[in-house]
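K.L.:
Give me a model of this one.
(one chain, ligands or ions: 1)
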Amino acid sequence: MAQDYDVIIIGGGIIGSSLAAYLASEKSEKLKIALVNSTNLGMMASQAAAGLLTPFQLNELENPVLKDFCFKSFEHFPEFLETITSVPSTKNIDFGYRQAGSLYLIFSNLEFAQKENEIKDLRTIEPKASFLSKVEVPKYEPLVTKDVIGAYHYPSEAYINNPKFLKAIYLYCIEKNVEFLDTAVKKLNLKNNTVENIVLDNGQTISAKKFVLCNGAWANHFLKEIFNTDETLIKPIKGEIIRVEALHATPLLQKIIFCSEGYILPRPATNHFETDSILIGSTSEEIDLEKIRMSHGTPLANTVSGISSVLNLFKKLMPNYKDYLIADYWAGLRPQTKDKLPIIGKIAELENLYCSLGHYRNGILMGPYSGKIVKDLILENHSEYNIEHFQIDRLLKPQGKEKLNRSLIPQN
Ligand SMILES: Cc1cc2nc3c(=O)[nH]c(=O)nc-3n(C[C@H](O)[C@H](O)[C@H](O)COP(=O)(O)OP(=O)(O)OC[C@H]3O[C@@H](n4cnc5c(N)ncnc54)[C@H](O)[C@@H]3O)c2cc1C
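P.N.:
Have a look, this model is predicted:
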């Protein structure tokens, strides 16, 4: 039977849209691709993110598998930028990608001793990384507190204006004939170990040869249904961010600044209509989407405690904090798995369903490379990167592994 599409991607954040861009960029095969993305669920994580591309920050990288994937993704990032800017509609967009470098501030000798233990091997990966003394820190970043004993400097770390970047990926996809459907997927219909079609919120049913789940923090609902499990495979971890602008003509922050409680980073103006600003982030709070839905609450509301903790961080890091006004604030949901590794690959029990989920705190960094990997899996059944640690099976209890939800699969 003829299918409506070659590939339907569910979820249009950085993960789904990077994949769509890669699939659409294939010169050898002209694929019919649909990107189904609901804009009714509130701000997606890919817009809420701070845009840090900072694989050297060890706190996130305790797991060597994650660390390796983040570094590979960091290396790959410029190649994707080149792809996205290769079409006329995106050629001249400045999406705020700056390899500005970062400072991790150290406030005490105890903290210094702990950090020294953690970063031993990093020096071998980043030869340009160095420890700056108290007197050197202001030379690299005059705006931050001098109340430190020093700072680690990682000159190659970068940031990007992720909302603009996402828009550029969309423009690229549009130019490459990806179809955008602004609606929610309500149901996946399974038959004979394949996804036969999906039902949309608007009542329409659409079919494809292959489907990919990229719906971030909302994916648990489908995974639970597919695997007939009560386990929470993807947890939504809420994060709140504040954007501030200088009241007067203050010079912009130069570097990304980290400390044990969070980060601040520049978000420079990328055209005449914008103002230079600074992002301050971020909180971390596990939430229960179902409970919030039942009580008619809003999962993305900013909280007094969240906003105040982020402001306290700004006060700690910036002695001239009184020179800034709050320009904006928001919240987003990071998709997190139990072991904080993503889920990337085909679902073994189904012939045509793939996942690219659970990118947690580093999805902007990992999105483009994940897109390339899933594109290769879909087209060549193979990827250059070893994804054995990213299989969904690792997260399922033994009985869940074979227990695909048979009730969803009418047997012929
Ligand atoms: C506050 C905060 C700061 C962060 N900072 C950084 C950072 O500095 N660097 C970094 O690398 N990462 C950062 N992250 C993490 C990063 O944002 C995420 O890992 C990444 O955006 C996840 O992308 P995604 O495409 O999986 O999900 P999302 O961007 O959330 O996209 C999922 C999309 O799927 C849609 N959807 C859901 N269900 C359905 C359905 N049934 N049908 C159709 N559509 C559906 C949603 O509406 C949404 O648009 C941050 C996250 C947060 C919240």
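K.L.:
where in the protein is pLDDT low?
P.N.:
1, 58-62, 120-125, 399-412 (pLDDT under 70).
K.L.:
mind giving me the domain ranges of it?
P.N.:
What automatic domain parsing lists as the domains of the chain is 5-48+163-233+338-408, 99-157+235-336.
K.L.:
So for Phe71, which of the ones you listed sits nearest?
P.N.:
Taking CB to CB, domain 99-157+235-336 is the member of the domains of the chain nearest to Phe71, at 7.1 Å. Using the backbone N, CA and C atoms, a C-beta is placed for each residue, glycine as well.
K.L.:
most tightly surrounded among the domains of the chain?
P.N.:
domain 5-48+163-233+338-408 (a mean of 19; mean count of other CB atoms under 10 Å).
K.L.:
hmm, back to that, what would the domains of the chain look like in TSV with distance to Gln57?
P.N.:
Output for the domains of the chain, formatted as TSV (distance: least, CB to CB, whole Å):
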stretch	distance to Gln57
domain 5-48+163-233+338-408	10
domain 99-157+235-336	6
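K.L.:
Among these, single out whichever gets nearest to Pro88.
P.N.:
Of these, nearest to Pro88 by CB to CB is domain 5-48+163-233+338-408, at 7.5 Å.
K.L.:
What ranges does the stretch 51-200 of the chain have for its helices?
P.N.:
Counting by DSSP state H, counting those that start in this stretch, the stretch 51-200 of the chain has helices at residues 64-84, 109-118, 122-125, 137-140, 162-175.
K.L.:
Out of those helices, which gets nearest to the ligand?
P.N.:
helix 162-175 (7.2 Å; CB to the nearest ligand atom).
K.L.:
can you tell me if that closest one touches the ligand.
P.N.:
No: figure legend: helix 162-175 not in contact with the ligand (CB under 6 Å from any ligand atom); closest approach 7.2 Å.
K.L.:
which residues sit against that helix?
P.N.:
Applying CB atoms under 8 Å, 6 or more residues apart in numbering, the external contacts of helix 162-175 come out as 12-14, 17-18, 20-21, 24, 35, 46-47, 49-51, 83-90, 93-97, 180, 270, 364.
K.L.:
ok, and which of those residues reach the ligand?
P.N.:
Within the set of those, contact with the ligand (CB under 6 Å from any ligand atom) is found for Gly12, Gly13, Ile14, Ser46, Ala49, Ala50, Gly51, Ile364.
K.L.:
Which of the helices or strands spans the closest residue to the second one other than its chain neighbours?
P.N.:
For Gly13, the nearest residue in space outside its immediate sequence neighbours is Ser46; the separation is 3.7 Å by CB to CB, 6 or more residues apart in numbering. With elements delineated by DSSP states H and E, Ser46 resides in helix 45-48, which encompasses its position.
K.L.:
circling back: identify the farthest-apart pair in the ones next to the ligand among the contacts of helix 162-175.
P.N.:
Gly12 and Ala50, at 19.8 Å, using CB to CB across those.
K.L.:
which parts of the stretch 51-200 of the chain sit against the ligand?
P.N.:
Checking the stretch 51-200 of the chain against the ligand by CB under 6 Å from any ligand atom, the hits are Gly51, Leu52, Ala184, Val185.
K.L.:
could those be laid out in CSV, adding distance to Gly101?
P.N.:
Formatted as CSV, those follow (distance: CB to CB, whole Å):
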residue, distance to Gly101
Gly51, 15
Leu52, 12
Ala184, 41
Val185, 41
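K.L.:
OK, now which residue of the stretch 301-412 of the chain is nearest to the ligand?
P.N.:
For the stretch 301-412 of the chain, CB to the nearest ligand atom, closest residue to the ligand: Gly363, 2.0 Å.
K.L.:
Now do the helix or strand containing that residue and helix 162-175, the angle between them.
P.N.:
For Gly363, the element it lies in under DSSP H and E is helix 363-380. Angle of helix 363-380 versus helix 162-175, following axes from the mean of the first three to the mean of the last three CA atoms, to 10 degrees, is 20 degrees.
K.L.:
Can I get helix 363-380 as PDB, trimmed to CA atoms?
P.N.:
Taking Å, rounded to 0.1, in the frame of the first residue of the first chain, the C-alpha atoms of helix 363-380 are listed here in PDB:
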ATOM      1  CA  GLY A 363      20.500  18.400  23.500                       C
ATOM      2  CA  ILE A 364      21.500  21.600  21.700                       C
ATOM      3  CA  LEU A 365      25.100  20.300  21.500                       C
ATOM      4  CA  MET A 366      24.100  16.700  20.700                       C
ATOM      5  CA  GLY A 367      21.200  17.400  18.400                       C
ATOM      6  CA  PRO A 368      23.000  17.800  15.100                       C
ATOM      7  CA  TYR A 369      25.200  14.700  15.500                       C
ATOM      8  CA  SER A 370      22.200  12.600  16.800                       C
ATOM      9  CA  GLY A 371      20.400  13.700  13.600                       C
ATOM     10  CA  LYS A 372      23.200  12.500  11.400                       C
ATOM     11  CA  ILE A 373      23.300   9.100  13.300                       C
ATOM     12  CA  VAL A 374      19.600   8.500  12.900                       C
ATOM     13  CA  LYS A 375      19.700   9.600   9.300                       C
ATOM     14  CA  ASP A 376      22.400   6.900   8.600                       C
ATOM     15  CA  LEU A 377      20.400   4.300  10.500                       C
ATOM     16  CA  ILE A 378      17.300   5.000   8.500                       C
ATOM     17  CA  LEU A 379      19.000   5.100   5.100                       C
ATOM     18  CA  GLU A 380      21.900   2.600   5.600                       C
END
